[in-house]
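> Need coordinates for the following:
(chains A, B, C and D)
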2 protein chains.
Amino acid sequence: MDDVSIGELGARTGVAPSALRFYEAQGLIRAVRTGGGQRRFPREVLRRVAFIRIAQRVGLTLDEIRAALASLPKSRTPTKADWGRLSKAWRPRLDDQIAVLTRLRDQLTSCIGCGCLSLPACALFNGDDRAATLGVGPRYLLGDSPRDLPPARK
Amino acid sequence: MDDVSIGELGARTGVAPSALRFYEAQGLIRAVRTGGGQRRFPREVLRRVAFIRIAQRVGLTLDEIRAALASLPKSRTPTKADWGRLSKAWRPRLDDQIAVLTRLRDQLTSCIGCGCLSLPACALFNGDDRAATLGVGPRYLLGDSPRDLPPARK
DNA sequence: CTAACAGTTCAAGTGAACTTGAGGTCAAGC
DNA sequence: GCTTGACCTCAAGTTCACTTGAACTGTTAG
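Residues are numbered from 1 along each chain as shown, chains lettered A, B, ... in the order given. The predicted structure follows:
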């Protein structure tokens, strides 16, 4: 009844209408239609969109977010507890990311000027933490399996 | 003289030959050519490639990396000190990323179950730290300027 | 009732960092 | 000398998360 138009949803969430249409096409949010075919979003969708954006900041892909949203109860409007449960699952992920970056930073500090850069023995160079960095962007960028390390000496 | 082929460079750095060709096309590394037109990389390039990969983990784009590499002395092979200077510049960046993620994690913890998700007052929702997350991937994804917040009440 | 703005679909474009494929050439070992 | 595997170029494709544009229709305030 007090469902909102796509423009209003966009204004209220700070997400562009084109993005909202995209989310609908991807099955992340759902809308009812007016007689004339326009989208009307139930207010519950506001929270859903907020969830999506925050999840993206945590580094989830839309695929992962869709999967998370799919675990919400289908028959009722999700409660605070439901949302809490989902976002709680992000903590380890954030912890990991923080740990990876911290390790990188510390290695960087201890490696500065050591000259080992490029040697298979260098801690920096062998950081295979790469896959753990933020999930946004081309997945195969850093995600392809590390080659076999060449033997230490030619 | 003991310049390396693209295959060997790939094996030694764990970077695919196609990526190395791409880096050359982008002006990140340079090769001399054999009579038959094949690439031969000076050993210095090993370190350069290592630098590039580590810089990517820090979240730099290839554009930024190219700029950083451009600041190396042109007339001599870079020294440990040169590399140290460059990688030192990453620290604040890593510190920022760590701070952003830590803030997000803490807000998440304090927000779980608060039900404010989607309200303009929610700290999580208003995290405009987004632009500070890892620089990999579509830049405009989270980088577009946040819309004017709607008034607290309709 | 109508102007003006908000909405609709669908196909194609964007940017980053590569990868893949086709069609052909080079270098090294036997 | 020849085969085999590594290399070459160039154009096009891939992924993700959208955006843009064209051509058209709905909704609403005056």
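> Residue nearest the middle of chain A, spatially speaking?
Geometric centre of chain A, nearest residue: residue A:60, 1.8 Å, by Cα atoms, centre = their mean.
> That one reaches residue A:69, doesn't it?
No. With contact defined as Cβ atoms under 8 Å, residue A:60 does not count as touching residue A:69 (10.6 Å). Every residue, glycine included, has its C-beta placed from N, CA and C.
> biggest helix in chain A by residues?
Longest helix of chain A, by residue count under DSSP state H: helix A:91-111.
> Give me the buried positions along it.
A:93-94, A:97-98, A:100-102, A:104-105, A:107-108, A:111 (16 or more other Cβ atoms under 10 Å in any protein chain shown).
> Now do that helix: distance to the chain's middle.
Distance of helix A:91-111 from the chain centroid (Cα atoms, centre = their mean, to the nearest Å) equals 18 Å.
> Please give the element, helix or strand, for the residue of chain A found nearest DNA strand D.
At 2.0 Å from DNA strand D, residue A:36 is the closest residue in chain A, using Cβ to the nearest atom of the strand. When elements are defined using DSSP states H and E, residue A:36 is found to belong to no helix and no strand.
> do you know how far it is from residue A:5?
To residue A:5, residue A:36 is 12 Å away according to Cβ to Cβ, to the nearest Å.
> Let me know the pLDDT of residue A:97.
Listed pLDDT for residue A:97 reads 92.
> Contacts only, for the spatially closest residue to residue A:58 that is not a sequence neighbour.
The shortest distance from residue A:58 to any residue other than its chain neighbours is 4.7 Å, reached at residue A:90 (Cβ to Cβ, 6 or more residues apart in numbering or on different chains). Listed by Cβ atoms under 8 Å, 6 or more residues apart in numbering or on different chains, the contact set of residue A:90 reads A:55, A:58, A:60, B:108.
> Kindly report the same for residue A:85.
Residue A:85 sits in contact with no residue, where contact means Cβ under 8 Å, 6+ apart.
> pLDDT (mean, whole number) over the helix or strand hosting it?
In this assignment (DSSP H and E), residue A:85 forms part of helix A:80-88. Mean per-residue pLDDT for helix A:80-88: 87.
> buried set for that helix?
A:82-87.
> and which of those is nearest residue A:76?
Nearest to residue A:76 among the buried residues of helix A:80-88: residue A:82, at 9.0 Å, using Cβ to Cβ.
> And what about the closest residue to the closest one other than its chain neighbours, helix, strand or coil?
Counting by Cβ to Cβ, 6+ apart, residue A:72 is the residue found nearest to residue A:82 once chain neighbours are left out, at 5.6 Å. Using DSSP: H, G, I helix; E, B strand; the rest coil as the criterion, the local structure at residue A:72 reads coil.
> For residue A:72, list the residues it contacts.
Listed by Cβ under 8 Å, 6+ apart, the contact partners of residue A:72 are A:78, A:82, A:86.
> same check, this time on residue A:68
Neighbour list for residue A:68: A:55, A:60, A:86, A:89 [criterion: Cβ under 8 Å, 6+ apart].
> Can you list the buried residues in the host helix or strand of it?
Residue A:68 is located in helix A:62-70, with elements delineated by DSSP H and E. Buried residues in helix A:62-70, counted by 16+ other Cβ under 10 Å: A:65, A:68-69.
> Over to stretch A:73-80?
By neighbour count on 16+ other Cβ under 10 Å, the buried set for stretch A:73-80 is residue A:78.
> end to end, how far does that stretch reach?
Across its full length, stretch A:73-80 reaches 12 Å between end residues, using Cα to Cα, to the nearest Å.
> same check, this time on stretch A:27-38
17 Å.
> ok now it, how far from the chain's centre?
Here stretch A:27-38 shows a centroid-to-chain-centroid distance of 25 Å under the convention Cα atoms, centre = their mean.
> does DNA strand C sit close to that stretch?
Yes. Looking at stretch A:27-38 against DNA strand C by Cβ under 7 Å from any atom of the strand, the contacts come from A:31, A:37-38.
> Where does the prediction get shaky in chain A?
Within chain A, the segments meeting pLDDT under 70 span A:1, A:112-154.
> Please repeat the previous calculation with a cut-off of 50.
Along chain A, the model assigns pLDDT under 50 to residues A:128-154.
> Quick check: the gap between the residue of chain A found nearest DNA strand C and residue A:40.
For chain A and DNA strand C, the shortest gap (Cβ to the nearest atom of the strand) falls at residue A:7, measuring 2.4 Å. Relative to residue A:40, residue A:7 is positioned 11 Å away (criterion: Cβ to Cβ).
> Having no further points to raise, I will conclude here.
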